[in-house]
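Chemist: how would this look folded up:
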Amino acid sequence: MYMLWGGGAPFSKKTDSTLVDCSGSSVKMLGAVPEILLELKTDDRWKDAVVAIASCTDEPSWAQDCLRMFEIGDGYCIKDVMHHEEIYKSNKQKHLRNLAEKTGIALEDMLFLDNEMGNCQSVASIGVTVAYTPKGVTAQIWEKAIANFPAPGNIIRP
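Modeler: Numbers count the residues shown, from 1 in each chain. Here you go, the predicted model:
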């Protein structure tokens, strides 16, 4: 969705939908994240979809700031799209298992997207359909993931 490597909070907004951290480093959404999240929020096709975030971080408050500050269009921010959040220092298997427990959605019925192959392999091993997104969630990998879903335990590659 976005990568945060820098000085951290406080963040400020730039006019081009990027944020700037306290060290002056830019933080921006990767790929087609704004467009895809806006579609998930506003298109009736996704009205029954449960959207969640699984983020491994030492600084959950920084992640929360970014979720509130990143605008995706039509007055929405990333946080407006999320039904559930697992944002803390842990592995992605734990995040996804917690989401399964909270939502009642089986792991086999989930789609997980990540730009790190190690996370993809770990989550695929517990039966989740995974899309590897090395350049962020692009429109192409999103469409390929949706077209190939469900594929429990498989990694969909660009």
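Chemist: all helices for the protein, in order.
Modeler: Using DSSP state H, the helices of the chain run over 33-42, 60-69, 78-81, 92-103, 117-124, 139-148.
Chemist: and these: which comes nearest residue 50?
Modeler: helix 92-103 (5.5 Å; C-beta to C-beta). Quick note: C-beta positions are derived from backbone N, CA and C, even for glycine.
Chemist: got the buried residues for that closest one?
Modeler: Judged by neighbour count (16 or more other C-beta atoms under 10 Å), helix 92-103 contains these buried residues: 92-93, 95-100.
Chemist: next, format the helices of the chain as a markdown table and append mean pLDDT and distance to residue 10.
Modeler: As requested, the helices of the chain are exported to a markdown table (pLDDT from 0 to 100; distance: least, C-beta to C-beta, whole Å):
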| stretch | mean pLDDT | distance to residue 10 |
| --- | --- | --- |
| helix 33-42 | 98 | 22 |
| helix 60-69 | 95 | 8 |
| helix 78-81 | 98 | 17 |
| helix 92-103 | 98 | 26 |
| helix 117-124 | 98 | 28 |
| helix 139-148 | 98 | 31 |
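Chemist: looking at the ones you listed, which is closest to residue 25?
Modeler: helix 60-69 (12.2 Å).
Chemist: contacts for the closest one?
Modeler: By C-beta atoms under 8 Å, 6 or more residues apart in numbering, the list of residues contacting helix 60-69 from outside reads 2, 4, 8-11, 13, 19, 27, 53, 55, 57, 77-79, 82, 85, 87-88.
Chemist: switch the cut-off to 10 Å
Modeler: Contacts to helix 60-69, defined as C-beta atoms under 10 Å, 6 or more residues apart in numbering, come from residues 1-2, 4, 6-13, 17, 19, 21-22, 27, 29, 53, 55-57, 59, 77-82, 85, 87-89.
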